[in-house]
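Enquirer: just coords:
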Ligand SMILES: NC(=O)c1ncn([C@@H]2O[C@H](COP(=O)(O)O)[C@@H](O)[C@H]2O)c1NC=O
């Protein structure tokens, strides 16, 4: 008896060649309405599914293959005599291969102006049912969900190597595919933040050469339909493939730059900003980010939120940078930067609301932690004045700038800033005074007259004392410690202006 393949595909690319190949290798083709038409138009012999089921396609295609003549043909185990007998009793013939790809739910969701009705109609029911039936019965049935597999499957058919092991791999792909499909549907039906099971799925962007270290394997995945404004949407204009650490650092730079509307440049090393500068022009902003810490920026990642012009490109090209990421590069800037073999240039349409609707997921052993992104913002209206002296206008501007910066530094974090530029960053220390000492030491003489931001309150006045000694004139911190008054007293004694934000920015 001839083998039978049921073909029912939404994405009809290359289906004629595949079907032809199957026929040449002794298969009979069964097909649904639209697919049958494509095959018939190409002169390929196929049997309409209605002729197998004895039942017409009804409800505008909502029911076409959902029939025991199809599903018993897919699910019967050939090696079980009773299954065989039941097929015979009901005059059902077995089906040996299913070639199905589903209604384009994801693409429909992404369509501009799409209606709920159209989205719901694009939830495929018959397709996944056949795919899952065939995949369950992988020892008897081959299942092809990915048009990218046609060539390989045909090759296996020709060589007679389409065995259970191969079919099991094809079946695994089906269950991944339908799980992803259902996860997208579930996400469309509700935007519940913390459902009883987390079914988010991710699509592979690329396998990476290695992970954080060369002995670790790694890959980069993205959420379906959510790339806009993220690294997954960036176009690489120049340079080698991104590494695992590049992706982490570039992502950190994008999260930071999303907090700035004015021309800003962010230099990142190991996920901490080593220099942040803002300015009238992107050139000024970058100069400040560079001057903030000309040592640490070496081998770093720089994100800029305005087009890179030739003048800025010239400055960027004078140091070794892993990545420059910007919304665009002028032609002249590109010709300057592409002369450097080892730099990676990424073009990305940035979006300052990029993190607002996303959740931050962190892996822990055996599970995940999920939380909102830290989108907390503090403006002049939100702060309260803790000390006798209030900050001057200039100090206040620098305090709010330092506050934006410290939010993105690993805790415990202290940032010193002046003149629209970070000048000292103390990151990831186990005690606050340790972070302060690092920031103060890095700033050197520039600390005198600068402002200081702390990501969390001062449990004791030691950091303020260190600030006094360094010549800091104003401090911004959340407030809320039992011993706030001790810090206030030190400030008052030395004429330092201190403000409270009422908001903490721990970052682990
Ligand atoms: N309802 C059914 O019985 C059914 N059987 C197959 N489909 C889907 O119909 C599509 C192909 O339809 P056509 O060959 O008419 O273009 C495929 O994406 C397939 O997954 C169905 N449609 C959706 O549920």
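Expert: The structure has been received and is ready for your questions. Bear in mind that the values here come from a model prediction, so they are computed numbers and not experimental data.
Enquirer: Spit out the contact partners of residue 339.
Expert: When contacts are counted by C-beta atoms under 8 Å, 6 or more residues apart in numbering, residue 339 touches residue 317. For every residue, glycine as well, the C-beta is placed using N, CA and C.
Enquirer: go with 10 Å
Expert: 238, 313, 317 (C-beta atoms under 10 Å, 6 or more residues apart in numbering).
Enquirer: Repeat that for residue 333.
Expert: 307-314, 316-317, 324, 326, 345.
Enquirer: can you pull out the helices in the stretch 301-450 of the chain?
Expert: Here the stretch 301-450 of the chain has its helices, by DSSP state H, counting those that start in this stretch, at 310-317, 331-337, 393-406, 432-443.
Enquirer: Among the ones you listed, which comes closest to residue 69?
Expert: helix 331-337 (61.1 Å; C-beta to C-beta).
Enquirer: What sits closest to residue 5 if chain neighbours are left out?
Expert: residue 97 (3.9 Å; C-beta to C-beta, 6 or more residues apart in numbering).
Enquirer: repeat for residue 222
Expert: Leaving aside its sequence neighbours, residue 222 sits nearest to residue 232 (C-beta to C-beta, 6+ apart; 3.9 Å).
Enquirer: now swap in residue 104 and tell me
Expert: The shortest distance from residue 104 to any non-neighbouring residue, by C-beta to C-beta, 6+ apart, is to residue 10 (5.9 Å).
Enquirer: And the residue nearest to the spatial centre of the chain, how close does it get to the ligand?
Expert: The centroid of the chain falls nearest to residue 222 when counting by C-alpha atoms, centre = their mean (4.2 Å). As judged by C-beta to the nearest ligand atom, to the nearest Å, residue 222 and the ligand stand 24 Å apart.
Enquirer: Show me which residues of stretch 267-284 are buried.
Expert: Going by neighbour count (16 or more other C-beta atoms under 10 Å), the buried part of stretch 267-284 is 267-269, 271-279, 282-284.
Enquirer: So which of those residues are in helices?
Expert: 282-284 (DSSP state H).
Enquirer: Which residues of this protein lie near the ligand?
Expert: 8-10, 32-35, 61-66, 100-103, 124-127 (C-beta under 6 Å from any ligand atom).
Enquirer: Name the nearest residue to residue 480, sequence neighbours excluded.
Expert: Using C-beta to C-beta, 6+ apart, the closest residue to residue 480 is residue 457 (5.0 Å).
Enquirer: Phi and psi next, for that neighbour.
Expert: The phi/psi pair for residue 457 (degrees, to the nearest 10) reads phi -70, psi 170.
Enquirer: which residues touch the one residue in the stretch 351-500 of the chain that gets nearest to the ligand?
Expert: Residue nearest to the ligand within the stretch 351-500 of the chain (C-beta to the nearest ligand atom): residue 357, separated by 30.0 Å. Counting by C-beta under 10 Å, 6+ apart, residue 357 makes contact with 191, 226, 372-373, 375.
Enquirer: Tell me the predicted confidence for it.
Expert: At residue 357, the pLDDT value in this model is 79.
Enquirer: Same question for residue 41.
Expert: Model confidence at residue 41 (pLDDT) stands at 97.
Enquirer: ok, now residue 373?
Expert: Residue 373 is assigned 94 on the pLDDT scale.
Enquirer: List the contacts of it.
Expert: 255, 258, 354-360.
Enquirer: swap the cut-off to 8 Å and go again
Expert: By C-beta under 8 Å, 6+ apart, residue 373 lies in contact with 255, 355-356, 358-360.
Enquirer: Could you identify the most distant pair in the residues you listed?
Expert: 255 and 359 (13.4 Å).
Enquirer: quick one: which of those two has more around it?
Expert: Taking other C-beta atoms under 10 Å, residue 255 and residue 359 do not tie; residue 255 has more neighbours (22 against 13).
Enquirer: quick check: angle from the helix or strand hosting that one to helix 393-406?
Expert: Using DSSP states H and E, residue 255 sits in helix 244-257. Put simply, helix 244-257 runs at 150 degrees to helix 393-406, going by axes from the mean of the first three to the mean of the last three C-alpha atoms, to 10 degrees.
Enquirer: returning to that earlier point: go through the residues of the chain next to the ligand and flag which are in strands.
Expert: Judged by DSSP state E, strands contain the following of the residues of the chain next to the ligand: 8-9, 100-101.
Enquirer: related to what we said a few turns ago, assess the claim that the residue nearest to the centre of the chain and residue 228 are in contact.
Expert: No. Applying C-beta atoms under 8 Å, one finds residue 222 not in contact with residue 228, separated by 10.9 Å.
Enquirer: residues in contact with the residue in the stretch 201-350 of the chain positioned nearest to the ligand?
Expert: The nearest approach of the stretch 201-350 of the chain to the ligand comes at residue 224, 17.6 Å away (C-beta to the nearest ligand atom). Contact analysis of residue 224 by C-beta under 8 Å, 6+ apart lists 106, 180, 184, 201-203.
Enquirer: rerun at 6 Å
Expert: Residue 224 makes contacts with 106, 184, 203, as judged by C-beta atoms under 6 Å, 6 or more residues apart in numbering.
Enquirer: Got the phi and psi for residue 161?
Expert: Here is the backbone geometry of residue 161 (degrees, to the nearest 10): phi -120, psi 20.
Enquirer: What of residue 192?
Expert: phi -50, psi 130.
Enquirer: what about it, distance to the ligand?
Expert: For residue 192 relative to the ligand (C-beta to the nearest ligand atom), the value is 26 Å.
Enquirer: Make 49 the first number, not 1, from now on.
Expert: I'll keep to 49 as the first residue from here, and by that count the last item is residue 240.
Enquirer: pLDDT score for that residue?
Expert: Reported pLDDT at residue 240 in the predicted model: 90.
Enquirer: The one 5 residues further on now?
Expert: We have a pLDDT of 95 for residue 245.
Enquirer: what's the burial count for it?
Expert: Residue 245: 5 neighbours (other C-beta under 10 Å).
Enquirer: And residue 319, how close does it get to residue 555?
Expert: Separation of residue 319 from residue 555 (C-beta to C-beta, to the nearest Å) stands at 9 Å.
Enquirer: ugh, typo on my part, it should be residue 525
Expert: Counting by C-beta to C-beta, the gap from residue 525 to residue 555 is 15 Å.
Enquirer: Settle it for me: which of these two has more neighbours?
Expert: Between residue 525 and residue 555, residue 525 has the larger neighbour count (other C-beta under 10 Å), namely 28 against 19.
Enquirer: Not counting residues beside it along the chain, what's closest to the more buried one?
Expert: Nearest non-adjacent residue to residue 525 (C-beta to C-beta, 6+ apart): residue 502, at 4.2 Å.
Enquirer: Appreciated, that's everything.
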